[in-house]
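Student: output the structure for:
(chains A and B, ligands or ions: 2)
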2 protein chains.
Amino acid sequence: MSDLQKTDFSKWYIQTIQNADLMAYSPVRGCIIFKPDGYELWERIQERFNAYLKTQKIRNAYFPMLIPKHFFEKEEEHIEGFAPELPWVTQVGNEKLEEPYALRPTSETMIGNAFSDWIQSYRDLPYEINQWANVFRWEKKTLPFMRTSEFLWQEGHTAHATEEDARKRTLSVLDAYTDLIENFLDIPVYKGQKTPSERFAGAVDTYSAESMMRDGKAVQAGTSHYLGNNFAESFDIKYLDKDNQMKHVFTTSWGISTRLIGAMIMEHGDEAGLVLPPAIAPTQVVLIPVGPWQKNPEIMQKLTALEENLKAKDIRVQIDDTDASPGYKFNNWEQKGAPMHVEFGPRDLKNNSAVIKMRDLDDKESVSLDGIGDRISDELKTMQKRLLESARARNKANEYYDIDTLDELKKHIETKKSANETPGFVLIGWDGTEETEAKIKEATGFTTRNIPFNPPMEKKVDIVSGKPAKYTVWIARAY
Amino acid sequence: MSDLQKTDFSKWYIQTIQNADLMAYSPVRGCIIFKPDGYELWERIQERFNAYLKTQKIRNAYFPMLIPKHFFEKEEEHIEGFAPELPWVTQVGNEKLEEPYALRPTSETMIGNAFSDWIQSYRDLPYEINQWANVFRWEKKTLPFMRTSEFLWQEGHTAHATEEDARKRTLSVLDAYTDLIENFLDIPVYKGQKTPSERFAGAVDTYSAESMMRDGKAVQAGTSHYLGNNFAESFDIKYLDKDNQMKHVFTTSWGISTRLIGAMIMEHGDEAGLVLPPAIAPTQVVLIPVGPWQKNPEIMQKLTALEENLKAKDIRVQIDDTDASPGYKFNNWEQKGAPMHVEFGPRDLKNNSAVIKMRDLDDKESVSLDGIGDRISDELKTMQKRLLESARARNKANEYYDIDTLDELKKHIETKKSANETPGFVLIGWDGTEETEAKIKEATGFTTRNIPFNPPMEKKVDIVSGKPAKYTVWIARAY
Ligand SMILES: [Zn+2]
Ligand SMILES: [Zn+2]
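Tutor: Residues are numbered from 1 along each chain as shown, chains lettered A, B, ... in the order given. Ligands and ions are numbered 1, 2, ... in the order given. Predicted coordinates:
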């Protein structure tokens, strides 16, 4: 077995997503092609999140992708945040446009403008809407799924009568993201608030669900923004309240993207390739005939019966009866991350048994054909829990709480580096100044991830200034 | 009741989609906002077509939206067809791009380029893929849903070893479109082949499912293209065949778009507003309490029980218990096109009955509460068939087979116009020349729709030249 994941995580990542046939590079700078096995992961995330939206009576809509230039200029912080990354349409056919359009990096401006038309009275509130869309941010460094010039996401936009309602929505969506990311994708998250320097451009407060990858680096897996009156003022979104006063609404926005696919790969993959949580795997169980099975039709008959049995239990199952050798098939389905495979040959037929192998465990096990359907169903459920628990244990082993000075941090990183281990997430005290953040970043490349809602302990002293800490903060290297 | 549909169809259309809250205008030229009630129609079309794709093992993927300029130049006819309508990204942030990108009008070039990487051997064929995406065509005249600068669609792209296989796919998809458009959207279609002047830019043959709107004008509801080796040659898509020879593949492409929403509105809507086929309606049945229902809690109890009963039958049902008057509610749900409403008040309670009203019929009917769930379910199924049959009857009444000269055509159009009736679809003889098409268009605005697979009769003489007809063709004014 290779040790590429341990020795060169980036190379391992690229190799894994290519062997699993999830994507292809494209001729457009920083854009990838989502191949069917990659795109289906996104479709399943969509299905799961749409179910949540339905419980909240938040409906989907679709807004134009092009944003008129003057829209950006209405919210100063917003344009400053996004301007360098915006692709501009300046021409149609041979004709230059009078006003250029940006390809949307997000839709607060377009939707804010629509809200100002649609919202008139307190009776219209809350006004809550979601959009599934392609968005564009021309980032300097790109990485498939994690950071691409064009990506797919969902963006929710809501308007409320009160700050309290808006803040409630901001945080309840963060909980919904947590549920999806932890229970569907098996990625444990760290919930908390972003520091001002890491806030969304135009937000009052940004909250994030951060997660730790196998290499100890952080991924911002989902974000939810409380926007206060900022966009309501820029786009004049007002309503007539019960007291006959015109008031600005309070808005929120929140998103998850195809980046979650990258996070899932980096969280669960191993030296043999991709490992998919059963809940999201396009193929959950692969049935593989072994031995001289072509000579004995009973083998395929039994496998077909098992396939029907599993399908009736809503398990996504596939028989691999191609001409390739069993060894090739095991390897291929391991690379693709199928949670489980079942081997079945002449000897198994005689013993009324089959051999099962879970993708994340080393051992195979021979199990009776009697009741095998229930057994497989149980194994998948157990694996779904096990992957989350393993990830939690990995996280715990890579969290550090006792680093109190910048020197200690640098030393920690050095020590880990020479042991070929990860520096992980470090919990620090922070006095609340940008100076501290800048110095940490300059010295170590670490950035503040978030101010956790439930920190494992309180840190008392700022790691750089030595002044009393106002906040306890997670820092880490991030994707 | 208004007669706007009859007197000013365009105005009626705009009023209908706005009263039904399907869309809003946007600040981007020719682009609309798909509001939730409009977008949900598209989601249901997607769900239905995805089910078809699954039966064909055609999987979804996603390709970059931006197309490098030199890609267009590889297929000469293709660029000529699309060039005037292409929006160009020429700049990112403040930097000019070395090579501009077009916003995709369709993805034959991007996907052709990918196919040339992915297809190596006859074992890889057929290679069949679908994409749901936003596309851009900067058309001069726009109309919500029917023709917008940005629209949503599905584009299928397939590659085959033989012409026969490719042609088979081209036509089988046309049948799948027909099934969806006729049986789901209740819009009868005219299947046939496009004339060369109306072909997709780069295709060998284009086939279409055309449909006739209430105003007699045609909508191209779905198209399927046999592309021969054209894109295979431009993008060098080759495979090693069993005989050890390198060969070009044969490709197809096919699409349906959010235009189908417009067609559905124009097909079924009436003077009171939208009429939705039950199969696609977001809300199929509205339950409306009438009389002094707030004083009698038994009324809402019975309605809630009925709601549960219908939900258990997978019927999309909603109780309208807002404060508005029953009359306002009837009118509102009529405008929104809900297929059916049920009225229930104190008198109905006493009689153990309820009043049902189908959107497309004039009369109300009082029915017993016993077995009302099955009755409602049956009524919805009957309405689904009835709308298609009504549309077929309307079509028949607006088809003309006995027009043999351009003068007769002009006179026909004049006569219809002065009677405030529609000139409809006219079946003509065609000698196969572009001159005939050009002259028809110039004199009447009619264009060739398609050469029907099963014409109601054979026309012998070209309508313009008087020469022997090579083809029998439908012509009409088109959206
Ligand atoms: Zn204002
Ligand atoms: Zn070639």
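
Student: helices along the stretch 351-479 of chain A, start to end?
Tutor: Assigned by DSSP state H, counting those that start in this stretch, the helices in the stretch 351-479 of chain A fall at A:372-397, A:406-418, A:434-444.

Student: give the other helices and strands that the shortest one contacts.
Tutor: Just to be clear, that refers to helix A:434-444. Packing partners of helix A:434-444 (3 or more Cβ pairs under 8 Å, 6 or more residues apart in numbering or on different chains; DSSP states H and E): helix A:406-418, strand A:425-430, strand A:447-452. Quick note: C-beta positions are derived from backbone N, CA and C, even for glycine.

Student: the worst-scoring helix or strand of chain A on mean pLDDT near chain B at all?
Tutor: Every helix and strand in chain A was compared by mean pLDDT, DSSP states H and E; the lowest is helix A:76-82, with a mean of 79. No. Helix A:76-82 stays clear of chain B (Cβ under 8 Å from any Cβ of the partner chain), getting no nearer than 9.5 Å.

Student: tell me which residue in the stretch 151-300 of chain A sits closest to chain B.
Tutor: In the stretch 151-300 of chain A, the residue that lies nearest chain B is residue A:152 (6.7 Å; Cβ to the nearest Cβ).

Student: for that residue, which non-adjacent residue is closest in space?
Tutor: Excluding the flanking residues, the one nearest residue A:152 by Cβ to Cβ, 6 or more residues apart in numbering or on different chains is residue A:258, at 4.7 Å.

Student: and the one you found, how many neighbours?
Tutor: Neighbours of residue A:258 under the rule other Cβ atoms under 10 Å in any protein chain shown: 24.

Student: helix or strand for the residue of the stretch 151-300 of chain A closest to chain B, which one?
Tutor: If you go by DSSP states H and E, residue A:152 is part of strand A:150-160.

Student: show me what that strand is packed against.
Tutor: Counting by 3+ Cβ pairs under 8 Å, 6+ apart, strand A:150-160 packs on helix A:36-55, helix A:108-118, strand A:127-136, helix A:163-179, strand A:250-257.

Student: among the ones you listed, which is the most enclosed?
Tutor: By mean neighbour count, with neighbours taken as mean count of other Cβ atoms under 10 Å in any protein chain shown, strand A:250-257 ranks first of those at a mean of 26.

Student: angle of it against helix A:163-179?
Tutor: 10 degrees (axes from the mean of the first three to the mean of the last three Cα atoms, to 10 degrees).

Student: against which helices or strands is strand A:250-257 packed?
Tutor: Packing contacts for strand A:250-257, counted by 3+ Cβ pairs under 8 Å, 6+ apart, involve helix A:108-118, strand A:150-160, helix A:163-179, strand A:218-228, helix A:230-234.

Student: next helix or strand past that strand?
Tutor: Where DSSP H and E defines the elements, the next helix or strand beyond strand A:250-257 is helix A:259-268.

Student: what's the angle between that next one and helix A:372-397?
Tutor: Going by the same axes, to 10 degrees, helix A:259-268 is angled at 90 degrees with respect to helix A:372-397.

Student: contacts for helix A:259-268?
Tutor: The contact list for helix A:259-268 (Cβ atoms under 8 Å, 6 or more residues apart in numbering or on different chains) reads A:9, A:13, A:16-17, A:22, A:38, A:41-42, A:45, A:143-147, A:151, A:181, A:185-187, A:211, A:213-215, A:219-222, A:274-277, A:280, A:337, A:360, A:387, A:391, A:479.
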